[in-house]
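Novice: model this:
(4 chains)
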2 protein chains.
Amino acid sequence: MDFRILKQNIGRHVAFSDVELEAICSRFRSRKVARKEFLLKQGEVCRFEGFVTEGCFRLFSTNADGVEAVLYFAARDWWVADIDSFTNGAPAELSIQAIEDSEVLFIGKEDKERLYADVPKVEQLFRIMTQKTLVALQRRMIRNHTLSAEERYLHFLSAYPDIARRLTNLHIASYLGITHEFVSKIRRRLAGK
Amino acid sequence: MDFRILKQNIGRHVAFSDVELEAICSRFRSRKVARKEFLLKQGEVCRFEGFVTEGCFRLFSTNADGVEAVLYFAARDWWVADIDSFTNGAPAELSIQAIEDSEVLFIGKEDKERLYADVPKVEQLFRIMTQKTLVALQRRMIRNHTLSAEERYLHFLSAYPDIARRLTNLHIASYLGITHEFVSKIRRRLAGK
DNA sequence: CGGTCTCTTGACGGAGTTCAAAGCTAGTGG
DNA sequence: CCACTAGCTTTGAACTCCGTCAAGAGACCG
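Specialist: Purely as a prediction, here's the structure:
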């Protein structure tokens, strides 16, 4: 049970005392997830928020035709959840699947409520984290509207080199919103330089 | 100075007493903004969060080639700000321009800090609002990866009919990430049905 | 080995862009 | 009330980027 990464992650957003950090961590439980195993399946209710301490996940949505769209990848130091489903009990629009053998620290709804009560500053923590996530997604949205597939591919590689190295073209394509065949063609073009 | 809309908007997310609502509203100031006027220009620091009570704005980013990408439109009952610039003082990546003669209630950083101190539940309010915005943007990201331009156009019309009616094809195109000529061609296709 | 999954390649097609021209408003000032 | 302009919309032809389909070549794992 390695809570150091979680503490560092939290400390990057809001300053907590050691006592508070312990109080926060004590609400989380650890869980191992095997490669290809699902933490959450679209349509279920998401009963946790998770923090990845090892491995890597993909969060994706499957449409009526069975086509998957990856919303993002979550390696060590990332959070995973279907926010709307977790907070409102709605059926999840996302599936969360391990790409590698992984390990997650997770917290349920009741424990999170108690956490808000025990350590009020946690409210601020999640506000700030959500805000940063929103800003990052806004930037990505704008990139998607102004960059070509090749530029988006290069940006992804340079922004997340450690994650990209572990992914198949299929996954990267699904994240970029293009076909894996075209990813292959982009790679060839780039190789010839 | 019509604070009713603001109170209703806030009340939809978190329950406040009348006293608290007054305390919140007292921190906001009203301002009229003429059509085509800028509330914020890319590169400046965003010194406010705004709530639109009348009219309509566009929030967009201009890239090195001068191409504009609309992030979203904000009519009555929407919030406007460059979040990252407002909270961290970074140069804004967004411009905010009035599309019509408009009216905004805005709050500066110091007043917002005081508000957090006066009414702690406001922290929760902004966490929840940010969360809902994030979820909506996640859904839009997935739609952009799975729907065609025509489907995205139709979705926009049905999701925001009142806003869409007031926009030019140029604005809609920039929001959808396509050219305004193609919007025109989509409309023709749809008319022939 | 043998099967499954991934990557590459190519021919073809279609969705969306670019560029240029012309017609349509709607506001503006005389 | 008309004339003028500036901005918006439409249209078409040529072009590009990217998707689809199909096939084959690795690569990995039991």
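Novice: make it CA atoms for all contacts and neighbour counts henceforth
Specialist: Fine.
Novice: For the residue nearest the centre of chain A, give its distance to DNA strand D.
Specialist: Averaging the C-alpha coordinates of chain A gives a centre point, and the residue nearest to it by C-alpha atoms, centre = their mean is A:Ala74 (3.7 Å). A:Ala74 is 20 Å from DNA strand D, where distance means C-alpha to the nearest atom of the strand, to the nearest Å.
Novice: Which element is encountered next along the chain beyond the helix or strand containing that residue?
Specialist: In this structure, A:Ala74 sits in strand A:68-75 according to DSSP states H and E. Per DSSP H and E, the first helix or strand lying C-terminal to strand A:68-75 is strand A:79-80.
Novice: How about the residues of chain A by DNA strand C?
Specialist: Along chain A, the residues adjacent to DNA strand C under the rule C-alpha under 7 Å from any atom of the strand are A:167-170, A:180-185, A:187-188.
Novice: From those residues, keep the buried residues only.
Specialist: Neighbour counting by 16 or more other C-alpha atoms under 10 Å in any protein chain shown classes A:167, A:169, A:180, A:183 among those as buried.
Novice: wait, which of the residues you listed is closest to B:Leu125?
Specialist: A:Leu167 (37.7 Å; C-alpha to C-alpha).
Novice: Find the nearest non-adjacent residue to the closest residue to DNA strand D within chain A, please.
Specialist: Closest approach of chain A to DNA strand D (C-alpha to the nearest atom of the strand) occurs at A:Ile178, with a separation of 3.2 Å. With C-alpha to C-alpha, 6 or more residues apart in numbering or on different chains as the criterion, A:Ile178 has its nearest non-adjacent residue at 7.3 Å, and that residue is A:Ala149.
Novice: hang on, isn't the one you found packed against A:Ser174?
Specialist: No - at 11.8 Å, A:Ala149 does not count as touching A:Ser174 under the criterion of C-alpha atoms under 8 Å.
Novice: Would you mind telling me which of the two has the busier surroundings?
Specialist: Taking other C-alpha atoms under 10 Å in any protein chain shown, A:Ala149 and A:Ser174 do not tie; A:Ser174 has more neighbours (21 against 17).
Novice: Which residues are in contact with that one?
Specialist: When the contact criterion is C-alpha atoms under 8 Å, 6 or more residues apart in numbering or on different chains, the partners of A:Ser174 are A:68-70, A:180.
Novice: Does the longest helix seen in chain A pack against any helices or strands, and if so which?
Specialist: Counting residues, the longest helix found in chain A (DSSP state H) is helix A:121-146. Contact partners of helix A:121-146 among helices and strands, from 3 or more C-alpha pairs under 8 Å, 6 or more residues apart in numbering or on different chains; DSSP states H and E: helix A:109-118, strand B:68-75, helix B:83-88, helix B:121-146.
Novice: Buried residues, that helix. List them.
Specialist: Burial within helix A:121-146, assessed by neighbour count using 16+ other C-alpha under 10 Å, is assigned to A:121-132, A:134, A:137-138, A:141-146.
Novice: which ones are touching the residue nearest to the centre of chain A?
Specialist: A:52, A:56-59, A:80.
Novice: For it, list each beta-bridge partner.
Specialist: In this structure, A:Ala74 bridges to A:Phe57 when assessed by DSSP bridges.
Novice: Outline the domain layout of chain A.
Specialist: Using automatic domain parsing, the domain parsing of chain A gives A:4-130, A:147-193.
Novice: Out of those domains, which is the most enclosed?
Specialist: domain A:4-130 (a mean of 18; mean count of other C-alpha atoms under 10 Å in any protein chain shown).
Novice: how long is it end to end?
Specialist: In domain A:4-130, first residue to last residue: 21 Å (C-alpha to C-alpha, to the nearest Å).
Novice: Mean confidence (pLDDT) on it, please.
Specialist: Confidence over domain A:4-130 (mean pLDDT, whole number) is 96.
Novice: do the helix or strand harbouring A:Phe182 and chain B meet?
Specialist: Counting by DSSP H and E, the element that carries A:Phe182 is helix A:180-191. No - under the criterion of C-alpha under 8 Å from any C-alpha of the partner chain, helix A:180-191 makes no contact with chain B; the nearest approach is 13.6 Å.
Novice: now that helix: how far from the chain's centre is it?
Specialist: Here helix A:180-191 is found 26 Å from its chain centre; the criterion is C-alpha atoms, centre = their mean, to the nearest Å.
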